[in-house]
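In: Just to be clear, the model below is a prediction. Sequence and coordinates:
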Amino acid sequence: MDTLRNALRLRAYIGENDHYNGKPLYQVIVEEAKSYGLAGATAFRGFLGFGAGTRIHSSKILRLSEELPVIVDIVDTKERIEAFWPHVNAMVASGTLTLETVQAAFHMPLRVRDVMSMNPVTLHPDDSLEEAVNRLLSHQVKALPVVRDNKAVGIITGGDLLSRGGLQLRLDLHPHLPDQTRQEQMLALRSKTAADVMSTPVQTISITATIQEAARVMSARSIKRLLVVDEHGNMAGIVSRVDILRTFVRAADFSDQLPELPPGLDNTVDQLMFTEVATVTPQDGLQEVVRKMVQTPLRRVVVVDTEDNVRGVILDRDLISLFSRNREHGLLSGLISLLAAKPESPTLFSGTAQDVMRESVFSVPEGTPVKKALDLMLDHGIKRLVVTDGQGRLRGMIDRDVTLKALGRA
């Protein structure tokens, strides 16, 4: 038996001659339902009925010129129907709207509309970069669509703030900085607007596109998110790499939801992992740790012993936190300059890797299915996993970016 799930049916009882903005109301409702990415809508013409005016209308041959009753049926998930309800309610000036809970089995591939974030936090092109940073931090999002007249004209990510905004450190490092240093980091943003640094033209995808199509676009263009538009080109939402990966993982157990899953989910982590991982020993000095940290785009080093057993991991935020806690302003400034690839002068760091490493490391052994590794990354909100030989010796690393590219290509 097909899997049944709770859904809502929205039904509009209206007249054939009811109009909205010069068009038949039933046509507008169906077109709007399509624009909002709902699963489907059907309009039925009745042959006999009456409404609040108590006048009976029928389809008898001698009365075809009179208004006939029309019913519009829409069935979709509770969240999407409730989001669509206010728009229909505003359009129906004369008629009746009903909502009822139903059990439904949706025989269709999952689409972007099923997993996107609706009503994303946005910016206007004239908004300041300070406002952009405030919204990114306060709403805990990684990107802001830049919108004018409900059309996406660009997008601002942390990468844009680094490359064109003048910011030296990623935003996720800012909470680890002392207040004064954080304020100094923001100085470069004060004279710029969203239009000055946004990425444009922005990559968009239709609200009715499939999840697989979104994965292919992200993989081909090496991007982490897509702005979702309706058939009129209006902003409808945003879909991220995490949304896509989470959908693949969850749908793997329900073949009726997504019958054509990427075959890459059947791979194991050793088939996708990369082996060029920066390493240090616990006794290596922080000078060596910082040197390798700056050289790797991963901004992390794995701590191993002489037999390559994994002992810990060090992230760039660990070093930032260490020097911030110790109030070593000179060392902190030197580290920031190095991480920003703008060293002002040589900085000498004292201490060892063991002083700052995290002993708890998220890892999986070779042979672990990709699905299980994704489960672990998504559950704990982490981007990368260390891969070992099963005995604790380092073999490589796997991350969300590599995984999505593999699944997208598939």
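Out: Looks like it arrived, so ask away.

In: hey, let's count contacts and neighbours off CA atoms from now on
Out: Noted.

In: can you list the residues that contact stretch 217-227?
Out: 145, 152, 202-205, 214, 235-241, 404-406, 408-409 (Cα atoms under 8 Å, 6 or more residues apart in numbering).

In: average pLDDT for it?
Out: Stretch 217-227 carries an average pLDDT of 93.

In: next one: stretch 122-140
Out: 93.

In: Please state the offset of that stretch from the chain centre?
Out: 17 Å (Cα atoms, centre = their mean, to the nearest Å).

In: List the contacts of that stretch.
Out: Residues from elsewhere that reach stretch 122-140 (Cα under 8 Å, 6+ apart): 121, 141-148, 165, 171, 186, 189-195.

In: Then stretch 239-251?
Out: Here stretch 239-251 has contacts from 112, 115-117, 211, 214-215, 218, 224-228, 257-258, 261, 371, 374-375, 378, 404, using Cα under 8 Å, 6+ apart.

In: Turn the buried ones among these into a named ChimeraX selection, would you?
Out: The buried residues among these can be selected in ChimeraX (16 or more other Cα atoms under 10 Å) with this line:
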select :112,115,116,117,211,214,215,218,224,225,226,227,228,257,258,261,371,374,378,404
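
In: In helices only, show me the contacts of stretch 239-251.
Out: V112, V115, I211, A214, A215, M218, K371, L374, D375, L378, L404 (DSSP state H).

In: could I get the residues you listed as a markdown table with distance to V249?
Out: Converted to a markdown table, these look like this (distance: Cα to Cα, whole Å):
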| residue | distance to V249 |
| --- | --- |
| V112 | 15 |
| V115 | 13 |
| I211 | 12 |
| A214 | 15 |
| A215 | 13 |
| M218 | 17 |
| K371 | 6 |
| L374 | 7 |
| D375 | 7 |
| L378 | 9 |
| L404 | 12 |
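
In: Make sure I have this right: A341 is in a strand.
Out: No - when classified by DSSP: H, G, I helix; E, B strand; the rest coil, A341 is found to be coil rather than part of a strand.

In: how deep is the closest residue to it other than its chain neighbours tucked in, by neighbour count?
Out: The spatially closest residue to A341, leaving aside those adjacent along the chain, is V294, at 7.9 Å (Cα to Cα, 6 or more residues apart in numbering). Number of residues near V294 (other Cα atoms under 10 Å) recorded here: 18.

In: For V294, what is the enclosing helix or strand?
Out: If you go by DSSP states H and E, V294 is part of helix 286-295.

In: returning to that earlier point: give me the subset of the contacts of stretch 217-227 that lies in strands.
Out: With DSSP state E as the criterion, strands contain P145, A152, T204, I205, M235, A236, G237, I238, V239, S240 from among the contacts of stretch 217-227.

In: Distance of the first one relative to G159?
Out: Distance, P145 to G159, using Cα to Cα, to the nearest Å: 14 Å.

In: pLDDT of the lengthiest strand in the chain, averaged?
Out: In terms of residue count, the longest strand belonging to the chain (DSSP E) is strand 5-15. When pLDDT is averaged along strand 5-15, the result is 91.

In: helix or strand right after it?
Out: That would be, after strand 5-15 and using DSSP H and E, strand 19-20.

In: List the neighbouring strands of the helix or strand following that following strand plus their orientation.
Out: Moving toward the C-terminus from strand 19-20, the next helix or strand (DSSP H and E) is strand 23-24. Strand pairing for strand 23-24, determined by DSSP bridges: strand 19-20 (antiparallel).

In: For the stretch 1-150 of the chain, just list every one of the strands.
Out: With strands called from DSSP state E, counting those that start in this stretch, the stretch 1-150 of the chain shows them at 5-15, 19-20, 23-24, 41-45, 48-50, 56-58, 69-76, 96-104, 117-118, 143-148.

In: Quick check: which of those is nearest to D179?
Out: D179 lies closest to strand 143-148 among those, at 23.5 Å (Cα to Cα).

In: Please state the offset of the helix holding V294 from the chain centre?
Out: 31 Å.
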